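Q: heads up, no residue letters with this:
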């Protein structure tokens, strides 16, 4: 069955009985807002990624944007058709009223897993992975959104770690004034920008900060500050300059080091104003290691 038939079969009957429609092959990730599984569509035979959102937690998040006509995760995800962003095939409601997304199944490790395991697969590939991660975020920003949860966990690599894709638009909001007001403290604490933690107005530069932290960790296997698990740990972000990346990996190309540190500037106006400028800054770099 082709993609058109696949969509049609999903839409038949409105809400979907997930348990009868999909065969769960492998539980991949159980997150704070959703469950994600490798599954087979019993009608089409397709192997897909199935994400089912926790209704109570999703409703609680949406309450923060009451009256703003915030698009759903599925609506946002369906907008992207780019090789560096996971492809969402369809979204809808289960017969229990839960939102679900059907997407391509990415059968590779999360970038976070490779970092935690200090994987040798990353050797010689960091520069390419960083460019791809930046390109993905640029697409999101140029489409008029703030991802709000940029971190290594939300980049999934190919099995050989030569490529990656950005995933998870569960916290993504339009880059419009009404969605950038103080007080929306969402994201992953270790990567949160100071303005988010301190409940100040935000914009797409909060993603650029989180991207910089993620890339610092990709190169050094360390965060630029003490690791924590809640918002309190993030309160220290921006209070002092992160240790020079070259102290942890003396081999890093100086242009890469400078570009990553600029992303992590405490004041948003001192960061790159766009991911395009970041990509321009590293355009001439041919190797992650200094010549």
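A: Looks like it arrived, so ask away. If you're wondering where the values come from, they're calculated on a predicted model, not measured in any experiment.
Q: Any stretches of the stretch 1-150 of the chain with poor pLDDT?
A: For the stretch 1-150 of the chain, residues meeting the criterion pLDDT under 70 lie at 1-14, 28-32.
Q: Contact partners for residue 225?
A: By C-beta atoms under 8 Å, 6 or more residues apart in numbering, the contact set of residue 225 is 190, 233, 236-237, 242. Glycine gets a C-beta too; all of them are placed from N, C-alpha and C.
Q: Isn't residue 134 up against residue 278?
A: Yes: assessed by C-beta atoms under 8 Å, residue 134 is found in contact with residue 278 at 5.6 Å.
Q: any common contacting residues for these two?
A: The contact sets of residue 134 and residue 278 overlap at residue 211 (C-beta under 8 Å, 6+ apart).
Q: Who are the contact partners of residue 203?
A: Contacts of residue 203 (C-beta under 8 Å, 6+ apart): 146, 175, 180, 268.
Q: do residue 48 as well
A: Here residue 48 is in contact with 22, 38-41, 89, 102-105 (C-beta under 8 Å, 6+ apart).
Q: Helix or strand next in line after the helix or strand hosting it, which one?
A: Applying DSSP states H and E as the criterion places residue 48 in strand 47-53. Proceeding N to C from strand 47-53, the next assigned helix or strand is helix 55-63, under DSSP H and E.
Q: Now do the buried residues in that next one.
A: Within helix 55-63, the residues that count as buried by 16 or more other C-beta atoms under 10 Å are 58, 61.
Q: do stretch 107-125 as well
A: If you call a residue buried by 16+ other C-beta under 10 Å, then stretch 107-125 has these buried ones: 108-112, 114-115, 119, 122, 125.
Q: Which residue, other than its chain neighbours, is closest to residue 265?
A: Ranked by C-beta to C-beta, 6 or more residues apart in numbering and with sequence neighbours excluded, the top spatial neighbour of residue 265 is residue 271, at 4.7 Å.
Q: Would you mind measuring from that neighbour to residue 157?
A: According to C-beta to C-beta, to the nearest Å, residue 271 and residue 157 sit 26 Å apart.
Q: Now do the contacts for residue 275.
A: If a contact means C-beta under 8 Å, 6+ apart, then residue 275 has 134-135, 137-138, 141, 208, 211 as its contacts.
Q: picking up where we left off before, who has more neighbours out of residue 271 and residue 157?
A: The neighbour count for residue 271 versus residue 157, taken as other C-beta atoms under 10 Å, is higher for residue 157 (25 against 22).
Q: Could you double-check that the more buried one sits in contact with residue 164?
A: Yes: with contact defined as C-beta under 8 Å, residue 157 reaches residue 164; the gap is 4.6 Å.
Q: Mind listing the shared neighbours of the two?
A: Residues touching both residue 157 and residue 164 (C-beta under 8 Å, 6+ apart): 111, 129.
Q: for residue 85, what are its contacts?
A: Contacts for residue 85 (C-beta under 8 Å, 6+ apart) come out as 136, 139-140, 165-167.
Q: which ones among the residues you listed are found in helices?
A: Among the contacts of residue 85, DSSP state H puts 136, 139-140 in helices.
Q: Make CSV from these and add distance to residue 58 and neighbour count to it.
A: Shown next, in CSV, are the ones in helices among the contacts of residue 85 (distance: C-beta to C-beta, whole Å; neighbours: other C-beta atoms under 10 Å):
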residue, distance to residue 58, neighbour count
136, 24, 26
139, 24, 19
140, 20, 25
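Q: and the protein, what are its domains?
A: Domains of the chain are assigned by automatic domain parsing as 3-103, 111-281.
Q: before we move on, the earlier item: need the ones in helices among the contacts of residue 85 in CSV with distance to residue 260, can you?
A: Converted to CSV, these look like this (distance: C-beta to C-beta, whole Å):
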residue, distance to residue 260
136, 17
139, 20
140, 19
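Q: Pick the one among these closest to residue 284.
A: Nearest to residue 284 out of the ones in helices among the contacts of residue 85 is residue 136 (C-beta to C-beta; 21.1 Å).
Q: how much space between that closest one and residue 163?
A: Distance, residue 136 to residue 163, by C-beta to C-beta: 11 Å.
Q: what's the answer for residue 74, then?
A: Residue 74 sits 25 Å away from residue 163, going by C-beta to C-beta.
Q: The two - which one has more neighbours?
A: More crowded of residue 74 and residue 163, by other C-beta under 10 Å: residue 74, with 20 against 16.
Q: That one reaches residue 91, doesn't it?
A: Yes: contact criterion C-beta under 8 Å: residue 74 and residue 91 qualify, at 2.6 Å.
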